[in-house]
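> please work out how this folds:
(chains A and B)
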Amino acid sequence: MVTQPTSKKPKGQAALGREIQAKIGQQLRAYYDALIEPTPDRFADLLRQLDKPGTKEPPE
Amino acid sequence: MSLDPSIRDSMLAAVPSLRAFAISLCGNVDRADDLVQETLLRALANIHSFQPGTNMPAWLFTILRNLFRSEYRKRRREVEDPDGSYAETLTTHPEQTGHVEFKEFTAALAKLPQDQREALILVGASGFSYEETAEICGCAIGTIKSRVNRARTRLAHLLAIEDLNDFGPDRTTRAVLTGDDVA
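Modelled structure (predicted):
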C-alpha cells in the first residue's frame, strides 16, 4: 500500500508532505553543519582578553 | 571588566552556531566574523541586561540579527551572495549529501527572501523554537510559522522535489530516515 503523507490544509500554502519536509530539513542541517565546522579561535581569544582588566594585547 | 566564567562559557558555546547564522546572512565569512565579533562586544557591553539562566544563544542571535539589519540598511548596494556562491565553495561530506544536490540546495536557499530564509534557518538548523525565533526576529509566532512554511514550499518548488524518487536516498533509506513504512 502506498500512503501519501499529504497534510490536509484547507487553503493557502500548498501542503508539503512529511517526506519532503524531512528532506528539506536534512539538507538544511547539512548546509548549516558545513558552515559551522571551521570556527576560528579568535572569539575565544577575544573573550579571554576582554576578561582581563586593563589588558589590550593578545595573551602571551 | 570581569566576566562570570559561566557566562563566558555560554557565550563561547554559542559562537559556532552564531557564526554559521552570520555566514548564512552575509554570504561572506570575513564579514560574518566581524559581525560575530561586534555581537560579542555589544553583548559584553550590555551584559548587565542579560539575566543569568536565560537563553544566551537567543540573546546573542538577537543582537547579531539587529546589527546585521542596521548594517544591511547602510550597505544596501552591496549584493549578499545572490547565487549562494560562498556556500558553493564549502566542502561537504559525501555520506551526508551529494555534492550536486548540496549546490542546488544552497543556490535555492539563496533565492528565498531574507525574512523567510532566516526564519527557516533559525527553526530548521539553529535549533530554536518558533517562540524563540519570533523573539529573535521581533515578530509574532504566527508570522514565523508562515515564513517557515512559505520558505519550505518555495524550496520544494525550486528544487522540484515533487517526486522523491528523483531526489536523494533510495526509497528504503528514506523510509529509515523519515520513519515511514516501506510500502
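
> CA atoms of the lowest-mean-pLDDT helix or strand in chain A as CSV?
One helix or strand of chain A scores below all others by mean pLDDT, DSSP states H and E: helix A:42-51, with a mean of 82. Extracted in CSV, the C-alpha atoms of helix A:42-51 (Å, rounded to 0.1, in the frame of the first residue of the first chain):
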residue,chain,number,x,y,z
ARG,A,42,39.7,34.4,17.6
PHE,A,43,36.5,34.6,19.5
ALA,A,44,37.7,32.6,22.5
ASP,A,45,40.8,34.8,22.5
LEU,A,46,38.7,37.9,22.3
LEU,A,47,36.6,37.0,25.3
ARG,A,48,39.7,35.9,27.3
GLN,A,49,41.4,39.2,26.5
LEU,A,50,38.4,41.3,27.4
ASP,A,51,38.0,39.5,30.6
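
> give the buried residues for that helix.
Residues of helix A:42-51 classed as buried: A:43, A:46-48, A:50 (neighbour count, 16 or more other C-beta atoms under 10 Å in any protein chain shown). Any C-beta I mention is one placed from the backbone N, CA and C, and that applies to glycine too.

> is chain A within reach of stretch B:59-77?
No - Stretch B:59-77 lies out of reach of chain A by C-beta under 8 Å from any C-beta of the partner chain, never closer than 11.1 Å.

> contacts for that stretch, please.
Stretch B:59-77 is contacted by residues B:11, B:14, B:18, B:21-22, B:25-26, B:35-36, B:38-40, B:42-43, B:46, B:50, B:80, B:118, B:122, B:126, B:128, B:135-138 when judged by C-beta atoms under 8 Å, 6 or more residues apart in numbering or on different chains.

> just the buried residues of that stretch, please?
B:59-65, B:67-68, B:71.

> ok, which pair from those residues is furthest apart?
Within these, B:Trp59 and B:Glu71 form the most distant pair, 18.9 Å apart (C-beta to C-beta).

> got any ranges where chain B has weak pLDDT?
Chain B contains residues with pLDDT under 70 at B:1, B:73-98, B:161-183.

> pull the longest helix from it.
helix B:5-26 (DSSP state H).

> quick check: which element contains B:Phe102?
Here B:Phe102 sits within helix B:99-110, counting by DSSP states H and E.

> give the contact list for residue 36.
No chain was given, so I picked chain A. For A:Ile36, the contact set (C-beta under 8 Å, 6+ apart) comprises B:16-17, B:19-20.

> wrong one, I was asking about chain B
Counting by C-beta under 8 Å, 6+ apart, B:Val36 makes contact with A:43, B:15, B:18-19, B:22, B:64.

> so which of the residues you listed comes closest to B:Ala151?
Nearest to B:Ala151 among those, with distances taken as C-beta to C-beta, is B:Ala22, at 18.8 Å.

> what's the burial count for that closest one?
27 (other C-beta atoms under 10 Å in any protein chain shown).

> that one against B:Gln37, yeah?
No - using C-beta atoms under 8 Å, B:Ala22 is not in contact with B:Gln37; the gap is 9.8 Å.

> helix B:99-110 and the helix or strand where B:Asn149 lies, what's the angle between them?
Element membership for B:Asn149 (DSSP H and E) is helix B:141-158. If you take axes from the mean of the first three to the mean of the last three C-alpha atoms, to 10 degrees, helix B:141-158 sits at 140 degrees to helix B:99-110.

> which among the contacts of A:Ile36 are in contact with chain A?
Among those, the residues within reach of chain A (C-beta under 8 Å from any C-beta) are B:16-17, B:19-20.

> now, which of the residues you listed sits nearest A:Leu28?
B:Ala20 (11.4 Å).

> list the buried residues in the longest helix of chain B.
Those would be B:7-8, B:10-12, B:14-26, for helix B:5-26 by 16+ other C-beta under 10 Å.
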